[in-house]
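1. could you look at this predicted model? Sequence included:
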Amino acid sequence: MKGLDKSAAAFLERLATSAPAADQAPTPKAAPASSAVRGQPFPSQVARAHLKHIGGYLDRATQERVVLLKTRLKLDNSELLKRAIDSLWADEEARRVFSDG
């Protein structure tokens, strides 16, 4: 192969010998195990169909608190958020019930 350095020529030679012949069909690759069958939702999508996603952007200190609370309480993000909202709701309800106004 005129005009190519040795490494380029070796690369092209390996490429030519490793390519399948034109009359051979390429072997199909298996789909990853986690992919859903076309037209059907992932199992996690079915499990969360009736739920609403709520997200937020948290500063570093709050992120660290979330991680520590999740670890200590053995909760996932959704369970931790629900627990925090339930606690805040109870506090607000008590404040409303016992307020003078």
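-> Looks like it came in fine.
2. look at residue 43 and report its pLDDT.
-> Looking at residue 43, its pLDDT reads 79.
3. so what does it have for phi and psi?
-> phi -60, psi -40 (degrees, to the nearest 10).
4. can you offset everything so residue one is 660?
-> In the new numbering, first residue 660, that becomes residue 702.
5. now it: how far from residue 708?
-> Between residue 702 and residue 708 the computed distance is 11 Å (C-beta to C-beta, to the nearest Å). Yep, even glycine has a C-beta here, placed from its N, CA and C like the rest.
6. low-confidence ranges, the protein, go.
-> For the chain, the stretches with pLDDT under 70 are 660-663, 677-696, 759-760.
7. which stretches in it count as helices?
-> Counting by DSSP state H, one finds helices in the chain at the ranges 665-677, 702-706, 719-732, 736-757.
8. of those, give the one that comes closest to residue 713.
-> helix 736-757 (7.2 Å; C-beta to C-beta).
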